[in-house]
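Colleague: Quick one: sequence plus predicted model below, questions after.
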Amino acid sequence: MDKSVKQAELIREISGVNPYKCMKCGKCSASCPSYDEMDIKPHQFVSYVINEDIESLVNSKSLWKCLSCFACVERCPRDVKPGKLVDAARQAVVRQRGEDYLLADEIPELIDDETPQQLLVSAFRKYRR
């Protein structure tokens, strides 16, 4: 199994999303506030994962231009969740680079009284995988 196939499987596993349900309606891209900044649009991102062209995704500016606002997730009529695929691809890149993750025990010393609780919960969910 080649590297791009493994990376595509990892992205699908991390995201928990089935990209094969995408019907290419474009509603995700139409609702994306970063659309004009992206070289690979959200609906195209799904196709790249399906086609296992992960190298192009890793080298695209779209991977880091996505705001993770999940407007695309809300608009998708087939529950494909392109934003979760983008987030999973980011995590795959970070893992490939061998960067470390925060552990739950390390978080309290990084918190100040001004930090919103919702931020902590969403960050913990995102980075505990």
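Modeller: Now that the structure is in, tell me what you want to look at. Numbers count the residues shown, from 1 in each chain.

Colleague: and Arg95, what element?
Modeller: Per DSSP states H and E: Arg95 is located in helix 82-97.

Colleague: Poorly predicted segments of the chain, please.
Modeller: 1, 99-104, 106-107, 110-111, 115-116, 119-120, 123-129 (pLDDT under 70).

Colleague: quick one, helices of it?
Modeller: 3-15, 27-30, 42-50, 54-59, 62-65, 71-75, 82-97, 117-127 (DSSP state H).

Colleague: so which of those comes closest to Asp105?
Modeller: Closest of these to Asp105 is helix 117-127, at 11.8 Å (criterion: C-beta to C-beta). In short, each C-beta sits where N, CA and C put it, glycine included.

Colleague: related to what we said a few turns ago, please compute how far the helix holding Arg95 lies from its chain's middle.
Modeller: For helix 82-97, the distance from its own C-alpha centre to the chain's C-alpha centre is 5 Å (C-alpha atoms, centre = their mean, to the nearest Å).

Colleague: Could you export it as PDB, CA atoms only?
Modeller: C-alpha atoms of helix 82-97 as PDB (Å, rounded to 0.1, in the frame of the first residue of the first chain):
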ATOM      1  CA  PRO A  82     -15.600  18.800   4.500                       C
ATOM      2  CA  GLY A  83     -14.300  20.900   7.400                       C
ATOM      3  CA  LYS A  84     -13.600  17.700   9.400                       C
ATOM      4  CA  LEU A  85     -11.700  16.300   6.500                       C
ATOM      5  CA  VAL A  86      -9.600  19.500   6.400                       C
ATOM      6  CA  ASP A  87      -9.000  19.300  10.100                       C
ATOM      7  CA  ALA A  88      -8.000  15.600   9.800                       C
ATOM      8  CA  ALA A  89      -5.600  16.400   7.000                       C
ATOM      9  CA  ARG A  90      -3.900  19.100   9.200                       C
ATOM     10  CA  GLN A  91      -3.600  16.600  12.000                       C
ATOM     11  CA  ALA A  92      -2.100  14.000   9.600                       C
ATOM     12  CA  VAL A  93       0.500  16.600   8.500                       C
ATOM     13  CA  VAL A  94       1.400  17.400  12.100                       C
ATOM     14  CA  ARG A  95       1.700  13.700  12.900                       C
ATOM     15  CA  GLN A  96       3.900  13.200   9.900                       C
ATOM     16  CA  ARG A  97       6.200  16.000  11.000                       C
END
